[in-house]
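A.B. asks: Give me coordinates for this.
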Amino acid sequence: MILHATRFALAAALLCGLPVRPLAAQGLPEGFVHLADVAPGIRQDIRYAGSRNFLGRPAAGYEAAECILTRPAAEALARVQADLVRRGLTLVVWDCYRPRRAVADFMAWTRDPADRRMRAIHYPALDKRDLPALGYVSPTSAHSRGSTVDLGVAPLAGGGTGGTGACNAPRGIRFDDGTADFGTSYDCFDTLAHVRDPRVGREAAANRALLAGAMRRHGFRGYAREWWHFQLVREPFAGRSFDFPVQPRRRR
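C.D. replies: Sure, this is the predicted structure:
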């Protein structure tokens with residue numbers, strides 16, 4: 001019955017001259033796609049859909065562990081991935097489109113001094129109330145426009161270090177993201193995560209440069225305080241932000 005209903009809906013749309021959207025994209029605003037439908041080879045580890053993040057719990061609006069992006073951003077990321085695969089590497093994506101309600105959730109968290117459950121990993125040297133002033137958490141986010149992504153690079157074949165410690169600790173001790181060495185873990189609220197921090201080791205600096213170069217070649221720009229953060233320069237919704245939830249992808 002579902003199949004017949006779907007066929008009927010498609011036929012009706014065609015007869016009425018309405019645009020027909022792929023099943024995988026239904027439920028998303030026009031211009032948005034699930035990354036897995038464009039670049040299925042990119043690894044996804046969507047942190048704010050679970051508890052492995054600085055909140056220690058799912059963020060508001062994350063109903064699925066899926067990367068959603070504008071189509072231009074997803075297609076540009078697919079080209080980055082194609083370049084890296086030729087070198088035996090893959091992208092690992094941690095966050096993509098972020099609803100405004102999640103951004104508000106982050107800000108509310110900074111105002112709750114009693115909740116310090118993830119301090120030892122994500123902000124060991126800071127008071128969470130200072131994070132907005134330091135540029136680590138903001139009342140608005142480019143992620144809410146759908147063309148910004150947080151990501152790293154990992155070998156196509158290979159395991160992690162198993163570390164569970166502070167994000168700014170040496171590799172093997174710090175929290176393991178399953179990626180190459182970038183000098184810190186993801187979402188590390190510490191100056192060591194700044195792209196050009198002079199304390200970063202040679203290998204980590206080289207990996208940061210490799211990632212930034214690959215992203216830049218395909219139209220992204222980075223953010224000086226976070227080596228993992230990249231924004232599509234020619235984003236389609238530069239003057240807007242969105243608040244639809246991060247939704248499950250409908251399998252074909």
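A.B. asks: pretty sure residue 153 belongs to a helix, no?
C.D. replies: No. Assigned with DSSP: H, G, I helix; E, B strand; the rest coil, residue 153 falls outside any helix and is strand.
A.B. asks: That one and residue 89 touch, don't they?
C.D. replies: Yes. Judged on CB atoms under 8 Å, residue 153 makes contact with residue 89 at a distance of 5.2 Å. In this view, the C-beta of every residue, glycine as well, is placed from N, C-alpha and C.
A.B. asks: between the two, what contacts are shared?
C.D. replies: Residues touching both residue 153 and residue 89 by CB atoms under 8 Å, 6 or more residues apart in numbering: residue 180.
A.B. asks: so residue 80 is in which element?
C.D. replies: helix 71-85 (DSSP states H and E).
A.B. asks: Pull the residues that contact the helix or strand just after that helix.
C.D. replies: Sequence-wise, the next helix or strand downstream of helix 71-85 (DSSP H and E) is strand 89-95. Under the contact criterion CB under 8 Å, 6+ apart, strand 89-95 has outside partners 35, 41-48, 67, 77, 80-81, 84, 143, 149-156, 177-180, 186-187, 228.
A.B. asks: again, only using 7 Å
C.D. replies: 35, 41-48, 67, 77, 80-81, 84, 143, 149-156, 178-179, 186, 228 (CB atoms under 7 Å, 6 or more residues apart in numbering).
A.B. asks: which among those end up buried?
C.D. replies: 35, 42-48, 67, 77, 80-81, 84, 143, 149-154, 179, 186, 228 (16 or more other CB atoms under 10 Å).
A.B. asks: Noted, bye for now.
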